[in-house]
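1. Fold the following.
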Amino acid sequence: MFTKTRHLESAFRHIRSFTLVIIVLSIGLCGFVFFKSYQLAAATQHKIYILVNGKAIEALAADRKENLIVEAKDHIALFHQYFFTLDPDDKVIHQNVSKAFYLADASAKRQYENLKENGYYSSLIAGNISQRINTDSISINTTVHPYYFRYYGTQEIIRATTIVYRSLITEGYLRNVNRSENNTHGFLIERWKTLINQDIKIVNR
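-> Next comes the predicted model:
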């Protein structure tokens, strides 16, 4: 009788120990799964997928400060690309300049109005002249906001018989704004003006 009771107590202790081990292992497994899930979720938040030509391409998200200079320079170059890339077509001129206006304040609009009043765009159309801009360098000071910049570029003015190369130097300030579809870098150019715009050479075609 007593022997059976001891066997039952021993069996009960083994079952209880086994159950505790299972519970501890289950809790440990759940904790491990939760931890790994949290790590995966955190890693996913640092990934961006960009849609390019119908395909999703993964890009890594980074703090804005890490890419500040790169994004700022790209914003400045893009603005000048839109503003100074012109063809003898009123619609093309309007489309490009309109895109540039999203990246700058009223100072860009004033320069456009001055050029328009002086007949610059109408002379491009009448003379079948195209204009291109090549970025040489961009200097920017990111220690003080808004950020002062100076742009150095070379214009190509393509005529029927010649190509005129002109040195272009402009300056202005960059202010942080919210990103949008029309302003993906989240900057706005302020107090923009042209410092130098003079002929370098003329090449016969």
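
2. mind giving me the domain ranges of the chain?
-> Residue ranges for the domains of the chain, per automatic domain parsing: 2-47, 64-204.

3. So in this structure, where's the weakest helix or strand by average pLDDT?
-> When the helices and strands of the chain are scored by mean pLDDT, DSSP states H and E, strand 55-60 comes last with a mean of 54.

4. how distant is the helix or strand following that strand from the center of its chain?
-> Downstream of strand 55-60, the first helix or strand assigned by DSSP states H and E is helix 68-84. Relative to its chain's centre, helix 68-84 lies at 10 Å (C-alpha atoms, centre = their mean, to the nearest Å).

5. want to throw the domains of the chain into a markdown table with mean neighbour count and mean pLDDT?
-> C-beta here means a position set from N, CA and C on the backbone, and glycine is covered the same way. Shown next, in a markdown table, are these (neighbours: other C-beta atoms under 10 Å; pLDDT from 0 to 100):
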| stretch | mean neighbour count | mean pLDDT |
| --- | --- | --- |
| domain 2-47 | 10 | 69 |
| domain 64-204 | 15 | 92 |
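
6. Excluding chain neighbours, what is closest to the residue nearest the centre of the chain?
-> Closest to where the C-alpha atoms of the chain average out (C-alpha atoms, centre = their mean) is His185, at 4.2 Å. Leaving aside its sequence neighbours, His185 sits nearest to His75 (C-beta to C-beta, 6 or more residues apart in numbering; 4.0 Å).

7. what sits against that neighbour?
-> Leu103, Leu174, His185, Phe187, Ile189 (C-beta atoms under 8 Å, 6 or more residues apart in numbering).
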